[in-house]
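> I need the structure of the sequence given here:
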Amino acid sequence: MGRSSLDNNESGSDHEETPLNTVQVDGKDRGAYGPSDSVAAVGGRHINILIAWSCCAACLFGAGFAFFASLRLAGATLTLQVSFPGDRPPQDDKSSPGFGDQPEPAALAPAASSQPALAPPVRPVVAPIVPLPTPAPPVQPVAAPLVPLPVPPPWLSPKTEGPGLAAVTRAKNMNTCKMAYRASHEYSPLLLYNKQMHVVFSLQPKAASSLIRDALGSHGRSFEEVRRVPEDTTYFTFIRDPLERSISGFIEMGEECSQVGSTIGLYDEAVTPAKIKNVILRYEAIIGELEQRRCQNQHLLSHMSRAGDLKSLPLNFVGNVRSMEEDWFFLGRIQAARFGVKDWPPLLTQVARTEDRNQVLGAMRKKEWQYRWINVTLLSQGLKQRVCTLYRDDYCCLRLPQPEGCSVSC
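Modelled structure (predicted):
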């Protein structure tokens, strides 16, 4: 507009031009500027006006920025002051969870504030679960090496196994043993034959021989002494622990083989330690005579010395006095299976009343009063070892358990 006025003056127009504007400075009217004003003057005024407005705008912008910054700082401080551990932070509409959602709580952003940030809640330290120690496996007992059992004979049915089979195994061990008796000479066995029962009994003193003879001769039966074993018979015997048998034989023999010490007293005689000592001295002296082979009493000879020639006359069944009734019963089962024997005689101990059992045992077991004078518990350790060594052949050939305190090498 100003530029147009200048152009018109330059072109030499004659019409009169009105002032374009009026400028007031410091409250005074400085007049209008028009065509007569110079270009420099007009431009200077415009520049001053622009600078003034720019300064005002800058001041306003700075004041607004400071105002909004103070509001943001105040909001963050307020948020930290009213927030507590566990509070759920505010969420906008886009991230608002739906019904039933459980969003993870957002961590608070650190704010520029003089107030220290709240520490997160301390979680309890859970001790690690220590697994229980695995129990050690049970210790398996070490089994003793088993002696192979012989093949049962054809007449030994499965129903007769058990104690009967053990007696058959014992007979084979006795038949094949090659040890020589160390205490005396060999003797021919005493053979008792019962034709009705189809048995031949090889008598062993102090091993239930009286009880067996009573059974074989009961109810009209009879037995006879023979020199050989007839056919169609079972050749059997019974044995006993050698240490216990030696004490029973000592009580039976009386004054034979030694005069040292004394024998057992009478039934109504008082038992004193001094008298027991004299009885044991007599027993020990007799053991010494057996060791020197100077005593040949039949009640003290070993089982092996009275078995005879087992190679030409082998035994079929060897029972044990400790399992007397069981072994006798299974011998009857063998006879029933082998020869059809139906009326196998019971032992008197199996048919007697309880109060009479001690009276019918005969020589198999002495009465209690006799064992007050001497028994296994009254013997010293050294004396028991001497007796077990003396009867080593019986312990080894018959595979008998060794008594406590004895150690015999087979």
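> and the nearest residue to Gly217 once chain neighbours are set aside, how many neighbours?
Of all residues not flanking Gly217 in the chain, Phe223 sits nearest, at 6.0 Å (Cβ to Cβ, 6 or more residues apart in numbering). C-betas here are computed from N, CA, C, even on glycine. Per other Cβ atoms under 10 Å, the neighbour tally for Phe223 reads 19.
> ok, now the one 10 residues further on?
Under the neighbour criterion other Cβ under 10 Å, Thr233 is assigned a count of 19.
> quick one: the strands in the stretch 301-410 of the chain?
Under the criterion DSSP state E, counting those that start in this stretch, the stretch 301-410 of the chain contains strands at 317-320.
> ignore the last one, the chain
21-25, 28-33, 190-194, 199-203, 224-226, 234-239, 317-320 (DSSP state E).
> picking up where we left off before, I figured the residue nearest to Gly217 hits Leu216, correct?
Yes - contact status for Phe223 versus Leu216: in contact at 4.9 Å, counting by Cβ atoms under 8 Å.
> what do the two both touch?
Taking Cβ atoms under 8 Å, 6 or more residues apart in numbering as the contact rule, Phe223 and Leu216 both touch Leu192, Asn194, Phe201.
> and Arg293, how close does it get to Leu300?
Arg293 is 12 Å from Leu300, where distance means Cβ to Cβ, to the nearest Å.
> cool, Leu310 as well?
21 Å.
> who's more crowded, the two?
More crowded of Leu310 and Leu300, by other Cβ under 10 Å: Leu300, with 27 against 17.
> look at the more buried one and report its pLDDT.
Note on Leu300: pLDDT of 89.
> got the contact list for it?
Ser246, Gly249, Phe250, Met253, Ile286, Leu290.
> surely Val408 meets Arg392?
Yes - assessed by Cβ under 8 Å, Val408 is found in contact with Arg392 at 4.9 Å.
> closest one of the contacts of Leu300 to Arg372?
Phe250 (14.3 Å; Cβ to Cβ).
> that closest one - how many residues pack around it?
Residues lying near Phe250 (other Cβ under 10 Å) number 24.
> contact partners for it?
By Cβ under 8 Å, 6+ apart, the neighbours of Phe250 are Arg282, Tyr283, Ile286, His299, Leu300, Ile374.
> who wins for neighbours among these?
Top of the contacts of Phe250 by neighbour count (other Cβ under 10 Å): Leu300, with 27 neighbours.
> relative to Phe339, how far out is that one?
36 Å.
> what do you get for Ser222?
Counting by Cβ to Cβ, the gap from Ser222 to Phe339 is 18 Å.
> who has more neighbours, these two?
Phe339 (16 against 11).
> how about the more buried one: what's its closest non-neighbour residue?
His198 is the one closest to Phe339 (Cβ to Cβ, 6+ apart), at 4.4 Å.
> tell me the contacts of Tyr371?
Ile247.
> meant to ask about Cys410, not that
By Cβ under 8 Å, 6+ apart, the contact set of Cys410 is Arg392, Tyr395, Cys396.
> likewise for Gly249?
Pro205, Lys206, Asn297, His299, Leu300.
> closest one to Ile129 out of these, please.
Scanning those for proximity to Ile129, where the rule is Cβ to Cβ, the winner is Lys206, at 69.6 Å.
> what is the neighbour count of Asp214?
That count, for Asp214 with other Cβ under 10 Å as the rule, works out to 16.
> was I right to think it contacts Leu348?
Yes - with contact defined as Cβ under 8 Å, Asp214 reaches Leu348; the gap is 5.7 Å.
> just the helices in the stretch 151-300 of the chain please.
163-176, 209-216, 242-253, 273-291 (DSSP state H, counting those that start in this stretch).
> can you list those helices in JSON lines and add distance to Pro128 and mean pLDDT?
Below are those laid out as JSON lines (distance: least, Cβ to Cβ, whole Å; pLDDT from 0 to 100):
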{"stretch": "helix 163-176", "distance to Pro128": "59", "mean pLDDT": "87"}
{"stretch": "helix 209-216", "distance to Pro128": "73", "mean pLDDT": "92"}
{"stretch": "helix 242-253", "distance to Pro128": "63", "mean pLDDT": "92"}
{"stretch": "helix 273-291", "distance to Pro128": "70", "mean pLDDT": "94"}
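> nearest to Phe329, of those helices?
helix 163-176 (8.0 Å).
> what's that closest one packed up against?
strand 234-239, strand 317-320, helix 324-339 (3 or more Cβ pairs under 8 Å, 6 or more residues apart in numbering; DSSP states H and E).
> do you know which of the ones you listed lies nearest Cys388?
Nearest of the helices and strands packed on helix 163-176 (Cβ to Cβ): strand 234-239, 15.2 Å.
> for Cys257, give its distance to Arg306.
17 Å.
> for Val321, which non-adjacent residue is spatially closest?
Arg240 (4.4 Å).
> what's near enough to touch the one you found?
Contacts of Arg240 by Cβ under 8 Å, 6+ apart are Gln204, Lys206, Ala207, Ala208, Ser248, Asn320, Val321, Arg322.
> again, only this time at 10 Å
204-208, 246, 248, 303, 320-322, 324, 364, 394, 398, 400 (Cβ atoms under 10 Å, 6 or more residues apart in numbering).
> out of those residues, flag the one nearest to Gly382.
Nearest to Gly382 among the contacts of Arg240, with distances taken as Cβ to Cβ, is Ser246, at 15.2 Å.
> including distance to Ala166, could the contacts of Leu300 go into JSON lines?
Below are the contacts of Leu300 laid out as JSON lines (distance: Cβ to Cβ, whole Å):
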{"residue": "Ser246", "distance to Ala166": "24"}
{"residue": "Gly249", "distance to Ala166": "25"}
{"residue": "Phe250", "distance to Ala166": "29"}
{"residue": "Met253", "distance to Ala166": "31"}
{"residue": "Ile286", "distance to Ala166": "32"}
{"residue": "Leu290", "distance to Ala166": "29"}
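> distance of Gly220 relative to Arg213?
Gly220 is 15 Å from Arg213, by Cβ to Cβ.
> more neighbours, those two?
Neighbour count, other Cβ under 10 Å: between Gly220 and Arg213, Arg213 has more, with 17 against 6.
> ok, the more buried one touching Phe201?
Yes - here Arg213 reaches Phe201: they are 7.7 Å apart, a contact under Cβ atoms under 10 Å.
> between the two, what contacts are shared?
Residues touching both Arg213 and Phe201 (Cβ under 10 Å, 6+ apart): Leu192, Asn194, Phe223.
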